[in-house]
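>>> sequence plus the predicted model coming up.
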Amino acid sequence: MSKDIEIELEKLRGLRKLCHGPLAAMLVAFLLGFVLPESMEPFIKVVAFASVAAFFATFFYSFKINNFVCPRCGQRFHAKRSDGGWYSYNLFARKCKNCGLMLNGGNAHEHL
Ligand SMILES: [Zn+2]
C-alpha cells in the first residue's frame with residue numbers, strides 16, 4: 001500500500017472513531033435505561049450526559065468526514081454524485097463510494 005494512502009486512511013479512521021464513538025455511547029446509554037434497574041439511574045444519566053456532550057464536542061468533525069477526499073481517486077470518500085447531480089451519502093461506509101478503496105486499505109494495491 002502506498003504510504004500516502006495508508007496515512008490518509010489512518011486519518012479517516014481516527015476521525016470516524018472520534019465522531020462515531022459518542023453515537024455508539026448514546027445508543028448504549030439509551031439501551032442501558034431499559035436493562036438496568038432504577039437504582040442505576042444516576043449512572044445511566046452520567047453516561048447519557050457524557051455521550052451527548054461528546055457528540056456536540058465532535059459534531060463539527062463530522063463535516064470533515066463528509067468532505068474527506070479519497071486518497072486514491074480524489075473524490076469524496078463517503079459521497080457519490082449521480083448523473084442527475086444529486087449526492088448519496090453514507091458516513092458509515094466501509095469503502096470509498098467512488099472507487100471502492102476499503103477503509104482498512106485491504107485493496108489499496110489494486111489499480112483503478
Ligand atoms: Zn476513491
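The structure has been received and is ready for your questions. All figures in this text were calculated on a predicted structure; none of them were measured in a lab.
>>> next one: phi and psi at residue 107?
Residue 107 adopts backbone torsions of phi -120, psi 20, taken as degrees, to the nearest 10.
>>> buried set for stretch 4-17?
By neighbour count on 16 or more other Cβ atoms under 10 Å, the buried set for stretch 4-17 is 5, 8, 9, 12, 15, 16. For glycine as for every other residue, the C-beta is placed from the backbone atoms N, C-alpha and C.
>>> those residues in strands, which ones?
With strands defined by DSSP state E, no entry of the buried residues of stretch 4-17 lies inside them.
>>> let's have these in a markdown table, adding distance to residue 40 and pLDDT.
Output for the buried residues of stretch 4-17, formatted as a markdown table (distance: Cβ to Cβ, whole Å; pLDDT from 0 to 100):
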| residue | distance to residue 40 | pLDDT |
| --- | --- | --- |
| 5 | 45 | 92 |
| 8 | 42 | 95 |
| 9 | 39 | 96 |
| 12 | 36 | 96 |
| 15 | 33 | 93 |
| 16 | 30 | 93 |
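>>> and these as CSV, adding distance to residue 94?
Below are these laid out as CSV (distance: Cβ to Cβ, whole Å):
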residue, distance to residue 94
5, 16
8, 16
9, 11
12, 11
15, 14
16, 10
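>>> give the contact list for the residue of the chain most remote from its centre.
Here the centre of the chain is the reference, and by Cα atoms, centre = their mean the most remote residue is residue 39, at 33.8 Å. Counting by Cβ atoms under 8 Å, 6 or more residues apart in numbering, residue 39 makes contact with nothing.
>>> next one: phi and psi at it?
phi -60, psi -20.
>>> now swap in residue 67 and tell me
The phi/psi pair for residue 67 (degrees, to the nearest 10) reads phi -100, psi 10.
>>> distance of it relative to residue 75?
Taking Cβ to Cβ, to the nearest Å as the measure, residue 67 falls 11 Å from residue 75.
>>> which one's more surrounded, these two?
Using other Cβ atoms under 10 Å as the criterion, residue 67 and residue 75 rank with residue 75 on top: 14 against 11.
>>> what is the burial count for the closest residue to the more buried one other than its chain neighbours?
Of all residues not flanking residue 75 in the chain, residue 98 sits nearest, at 4.3 Å (Cβ to Cβ, 6 or more residues apart in numbering). Neighbourhood size, residue 98 [other Cβ under 10 Å]: 18.
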